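Student: one predicted model, sequence on top.
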Amino acid sequence: MTSLLFTKVLEKASRSGNPKFGSMELRDFLRDKALAATSRNINPKRMIGTKKSKANVVSVAMPGKLVCYFYDAKHKATLPYFDRFPVGFVIDIGKDYNLFLNLHYLPPIFRARLLDAMYDLLNNQKYDSTTKLKMSYKVLKAAAKFKYFKPCIKKHLHSRIQSQMVEIDVKEWDYVTFLPLSRFSGANQRKVWDDSIKIINKQ
């Protein structure tokens, strides 16, 4: 499970003298370790686990929390591409969908800038189960520092979620969001990132 992987990385961080959660030094350390991982060692199925696993499975995604799941787009036949394993934040919940911010649509440098900006939206500094982002589409759209969010916004139908939904502990955000977990169908990662950069630059 990711928690086990994260524990090993965190132990290395502790030995190297990195400070507490929330510090920029620790964020950078965790992101570097995640980017250095290989997709061969990090399998999305390990993130989701099984019904008997200790993954933090939730039946309903809470806005402001980081979650992941397998997804099968309803209109995949006409979409240029989509991510079969989105990892990101729930912005809002509709009757039959999640408004989702999938960080996989951004290259690492833009992903880091957006995530750093969104940390200003934390409801507290406890870094525990009560911690979440106080955000909405309106908030993201209003501030220039969130400009990287636009290509990441997706509407995910509840009926098209193909697995358990796993909520990621806030202490793992900076590690999990930079792991090579994207599974794009219809285009390679470079194409997706290039398109996202064009969207951002047009704003």
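Tutor: In hand now; what should we look at?

Student: residue 175 and residue 42: what is the separation?
Tutor: Per CB to CB, to the nearest Å, residue 175 is found 10 Å from residue 42. The C-beta positions use only the backbone N, C-alpha and C, and glycine is treated the same way.

Student: so for those two, which residue has more residues nearby?
Tutor: Higher neighbour count among residue 175 and residue 42: residue 175, with 23 against 16, using other CB atoms under 10 Å.

Student: low-confidence ranges in this structure?
Tutor: 1-10, 13-20, 39-41, 49-55 (pLDDT under 70).

Student: quick one, strands of it?
Tutor: Remark: strands assigned in the chain by DSSP state E are 57-58, 66-68, 82-83, 87-93, 97-102, 153-157, 165-167, 184-185.

Student: which residues sit against the last one?
Tutor: Residues from elsewhere that reach strand 184-185 (CB atoms under 8 Å, 6 or more residues apart in numbering): 73, 76, 81-84, 104, 192.

Student: and the first one, by the same measure?
Tutor: Taking CB under 8 Å, 6+ apart as the criterion, the residues outside strand 57-58 that touch it are 49, 67, 164-167.

Student: could you dump those to JSON lines with distance to residue 151?
Tutor: Below are those laid out as JSON lines (distance: CB to CB, whole Å):
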{"residue": "49", "distance to residue 151": "29"}
{"residue": "67", "distance to residue 151": "19"}
{"residue": "164", "distance to residue 151": "27"}
{"residue": "165", "distance to residue 151": "23"}
{"residue": "166", "distance to residue 151": "24"}
{"residue": "167", "distance to residue 151": "24"}
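
Student: dig out what the most centrally placed residue in the chain forms beta bridges with.
Tutor: Central residue of the chain (CA atoms, centre = their mean): residue 88, 2.9 Å from the mean position. In this entry, residue 88 is beta-bridged to residue 67, residue 102, by DSSP bridges.

Student: and it, what does it touch?
Tutor: Counting by CB under 8 Å, 6+ apart, residue 88 touches 66-68, 100-104, 152, 177.

Student: among the contacts of strand 57-58, which two are most distant?
Tutor: Distance extremes for those: the farthest pair is 49 and 67 at 13.6 Å, using CB to CB.

Student: what is in contact with these two at once?
Tutor: residue 166.

Student: quick check, nearest of the contacts of residue 88 to residue 124?
Tutor: Set against residue 124, the nearest of those by CB to CB is residue 66 (15.7 Å).

Student: what's the closest non-adjacent residue to that closest one?
Tutor: Nearest in space to residue 66, with sequence neighbours left out and distances taken as CB to CB, 6 or more residues apart in numbering, is residue 168 at 4.3 Å.

Student: the one you found: neighbour count?
Tutor: By the measure other CB under 10 Å, the count of residues near residue 168 is 23.

Student: can you tell me how far it sits from residue 176?
Tutor: From residue 168 across to residue 176, the span is 5 Å (CB to CB).

Student: could you do residue 110 as well?
Tutor: In terms of CB to CB, residue 110 sits 17 Å off from residue 176.

Student: higher neighbour count, these two?
Tutor: Each of residue 110 and residue 176 has its neighbours counted (other CB under 10 Å); residue 176 has more, 24 against 20.
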